[in-house]
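**Student:** give me a 3D structure for the following:
(chains A and B)
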Amino acid sequence: MSQHSSAVTGPGSGPTSGFVHRRRRGAELFLLLLALAVGIGAYAAVGLGVKGTVPADIVGYGGWLAVLALGCHVVVRFLAPYADPVLLPVVTALNGLGLAVIHRIDLANLEESSDANTFARDQLVWMTVGVLLFVAVLAVLRDHRRLQAFTYTSGLAALVLLILPLLPVLGTEINGARIWINVGPFSFQPGEVAKVCLVIFFAGYLVLHRDALALAGRRFAGIDFPRGRDLGPVLAMWLVSLGVLVFQRDLGSSLLFFGLFLVMLFVATERPGWLVVGAGLFVAGSYVGYLIFGHVQSRVDSWLHPFPADAGSYQIVQGMFGMAWGGLVGRGLGLGDPTLIPFSYSDFIVAAIGEELGLTGVMAVLVMYGLIVERGLRTALVCRDGFGKLMATGLAVTFALQVFVVVGGVTKLIPLTGLTTPFLSYGGSSLVANWAIIALLLRISDQARRPLPELTDSAGPTDDDATQVVMRR
Amino acid sequence: MNKPIRTMSIFCMALFLALLLNATYLQYLQAGELNSRDDNKRVRDAEFSRERGAILVDGKSVAVSKPVKDRFEYLRTYPQGKRYAHLTGYYSYTYGRNAVELTQNEILSGSDPRLFVNRVVDLFGNSQPAGGDVSLTINPKAQKAAYDGLHALGEHVTGAVVALDPGTGAIQAMVSTPSYNPNVLASHNFSKVQKAWERLTSDPDQPMLNRAIQEIYPPGSTFKLVTAAAALSSGQYEPDSTVPGGTSLDLPQTTTDLVNENGSDCGGNRITLTQALEVSCNVSFGYLGMQLGADTLREQAQKFGFGEKYLDDLNGQVASQFPEDPDEPQTAFSAIGQFDVAATPLQMALVTAGIANGGTVMKPYLVDEVRSPDLETLEKASPEALTTNAVSSSVARDLTQMMVEVVDNGTGTTAQIPGMKVAGKTGTAQSAPERPPYAWFVSFAPADDPQVAVAVLVEDAGVERDAISGSGLAAPIAKRVMQAVINR
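**Tutor:** Residues are numbered from 1 along each chain as shown, chains lettered A, B, ... in the order given. Predicted coordinates for the structure are as follows:
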């Protein structure tokens, strides 16, 4: 930045470039109305498809969704006026669509037996909790850089959260994975929150140590490889991921944590060498995991040879049948058979969407996820501080990896690993954590897009004003 | 840090591109293959709720889909359930399909490529795609005669009847008892279906087994037709050639002798071949078997269709068999349809039909015509020969004459039809000492212009051992079936 430009330009022009972000809150409102139309329209379509009439509670349900979405919008208007205008509408659309599909599966289950478990009501409650947390994050955290002070606290919290399910009384094993804890009447997946804590920890740690990790090293085969002693944290993280795999039998999270760390390390150091080292460790870990663990082997086997469907591949085969049955445009909401797919309301919700909304619906969902990731990375690009950049990258990449791992697993691109589909799947922990992630991204993007304070107005045309920007830390 | 962030955004884009491409592959390119898999329940559900084509016999439905008010919209109904059960088969949600419901499924369900245009029209007319009809070759009177005839022997009788048109191979009647009610399996009450299925599959009488084609039995004396055919074809014997008769045949390599049924005499130590067939003389045919050799007998049997599966319109046919490498005494027993000779009732009907048709064995078929939902004929059966020269026409003529003698003067008098020459052969086959013998009768009529060839097997009628005979139990049924076809 040059002293000259900051001295002479008027309000609204930044010091690094002539471009200043507009608030675009009107655009957000418009998109939000479209998103509500998706969510409420899908709910109405489910009623029409299953029972032939629009559900009687459409006004109450739609009203509640609208209150939540528009409430978020108002809060953003006041607390983060420069925040990215696309994220909130996309998330609202995904959450609304997820609710409608879960409700549709509830109806199908109720048709088979009147005392079947239903999930949509709970999910709406969790969405409300998620929105409240979203508001709380924006209200309490006025500057994301404050989180940097909690770097090691976050790291510790993440570790504790990951260990909790392994404790004897607290932890429970559901469907072979030990990733749940019981708190009173609720069960909770601490891994979802650990994800956020890990991003904060990595961002804080890497922003401090990036120079050492980036500069020292030796060059081999055209790639700069890091020093042996700097490998410590990478190896530690690798071990933590393996620990998750071994003790919790949670292939998906293990993959996610390690991938996340590698990406953040690469972004912080700008050295592809880390990716090579990490990929090598990943391949080695995967291979050893495959050799040692039965559950990894059975996942790979059902991926390579799903037919004929056996106990291991039944779910993926049913998911594939569902998606094939949906074809290009789907059977229509309420007109397919998504209950044939085990866990179609949670891990396999994309298969249920594929069946009833077709390839078109699946592509729309994927593009929406792509938009979230793209807006997150854009936030990282325009963010002015290293910590924010790393955090935004980490959060965006978490989304990308999670969606890739779960949707890739369901559509048989990669072996199936259990992870929730963000905002779509039923699951309180995941939904609440993801609303918090969006709040953090909005907070960072608000900071990033906000024009720099008009130094000329506050301090007058002095010579040393450039340093005052830094004082905000 | 912006450069690696840009790299990551390209990386993430690649991830999403991979997901999009894979979803396209799964839901568009691979969808057809996945949607045609048998283990795909959705496809079954959709097919189950479609209006399935009818199975017709002489213009009347023996299987038809009726509209009902439940989630499947149509219920498969079998108006004459038990009588046609082994031909129509069943169409069950849980247990799949069987018989014609299975072999003609593509037409009945409407997925046959020949119905493609209909499907497109249905799509634009917004009506549900419907299946085409399948018309069977069955003569309903003959089917009724066969079914009633077996049932007249008793409630728990096990047996089978097959009637063929010798000139074409068209199946005029096929019955297996005990039968079952396919309506029970087609029901939409799945727990009842399951109970019925468990009951049917655990029943020791195996009601779902089509004994006409799915089980092989020792054919006993009816196999003497094959031995006689081989003897006449060898050129060494004429119908009036003399062969050893008497009461017993000394077998080499063993101390047991081959004796006649009930230890009777064949009517002299030297009798003609015609006489031997007339009284079903074991001694004579055992002798002929040893003279001709196992290979000659096997070749003759194979010319009639032994060792082959030739019925395309029903599933589960088993091949009839002649022993691989019998020694001399075993060959003698094989020549009278004992030892390891075993045949389906359809096979014995085919032997008879081959003789009736001047030596040409026609390939049996059950589906006469296949029609689109608009009643347009898609395919009409065209008879074809299975073997053109199983025996020469002169041997066939001789055999016919000998079989007429059997019915006129021999063991088969119970099959006589007034005013018409009937050609036939009885059989009473021993299987194991602890179970009753099988009663057989094969015949065709009229002998000079054959219109129907029949094989009747009574496996177990629950009667006294000495009351079991081909002429007593089986021949009257054959007679009624032949009358039903001829007096149409």
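
**Student:** burial count for the closest residue to chain B within the stretch 51-200 of chain A?
**Tutor:** When distances are taken as Cβ to the nearest Cβ, the stretch 51-200 of chain A approaches chain B most closely through A:Glu111, which lies 8.8 Å from it. Where you see a C-beta, it was placed from the backbone N, CA and C, and this is true even at glycine. Neighbour count for A:Glu111, taken as other Cβ atoms under 10 Å in any protein chain shown: 13.

**Student:** and for it, nearest residue in space, chain neighbours not counted?
**Tutor:** Nearest-residue entry for A:Glu111: A:Val50, 8.0 Å, with adjacent residues in sequence omitted and distances by Cβ to Cβ, 6 or more residues apart in numbering or on different chains.

**Student:** got a pLDDT number for A:Asp122?
**Tutor:** The per-residue pLDDT reported for A:Asp122 equals 90.

**Student:** for the stretch 151-300 of chain A, what lies in contact range of chain B?
**Tutor:** By the criterion of Cβ under 8 Å from any Cβ of the partner chain, the positions of the stretch 151-300 of chain A lying close to chain B are A:Val263, A:Phe266, A:Val267, A:Ala268, A:Glu270.

**Student:** in CSV, list those residues along with neighbour count.
**Tutor:** Formatted as CSV, these follow (neighbours: other Cβ atoms under 10 Å in any protein chain shown):
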residue, neighbour count
A:Val263, 28
A:Phe266, 24
A:Val267, 29
A:Ala268, 27
A:Glu270, 16
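
**Student:** in helices only, show me the residues you listed.
**Tutor:** When DSSP state H is applied, those are split such that A:Val263, A:Phe266, A:Val267, A:Ala268 fall in helices.

**Student:** ok, now which ones touch the closest residue to the third one other than its chain neighbours?
**Tutor:** Right, the one you point to is A:Val267. The shortest distance from A:Val267 to any residue that is not its chain neighbour, by Cβ to Cβ, 6+ apart, is 4.4 Å, and that residue is B:Pro4. B:Pro4 makes contact with A:Phe266, A:Val267, A:Glu270 under the criterion Cβ atoms under 8 Å, 6 or more residues apart in numbering or on different chains.

**Student:** quick one: secondary structure of the residue of the stretch 301-450 of chain A found nearest chain B?
**Tutor:** Checking the stretch 301-450 of chain A residue by residue against chain B with Cβ to the nearest Cβ singles out A:Ala324 as nearest, at 3.6 Å. Using DSSP: H, G, I helix; E, B strand; the rest coil, the structure places A:Ala324 in helix.

**Student:** nearest to B:Glu405 among the ones in helices among the residues of the stretch 151-300 of chain A next to chain B?
**Tutor:** Each of these was scored against B:Glu405 by Cβ to Cβ, and A:Val263 proved nearest at 96.0 Å.

**Student:** gap between that closest one and A:Val407?
**Tutor:** According to Cβ to Cβ, to the nearest Å, A:Val263 and A:Val407 sit 18 Å apart.

**Student:** run a quick neighbour tally on the residue nearest to A:Glu111.
**Tutor:** Residues lying near A:Val50 (other Cβ under 10 Å) number 19.

**Student:** and what of B:Gln253?
**Tutor:** Here the neighbour count serves as a burial measure; for B:Gln253 (other Cβ under 10 Å) it reads 8.

**Student:** contact partners for it?
**Tutor:** Neighbour list for B:Gln253: B:Asp327, B:Glu328, B:Pro329 [criterion: Cβ under 8 Å, 6+ apart].

**Student:** with B:Met403 instead?
**Tutor:** B:Leu225, B:Leu277, B:Ile355, B:Ala423, B:Gly424, B:Lys425, B:Ser443, B:Phe444, B:Ala447.
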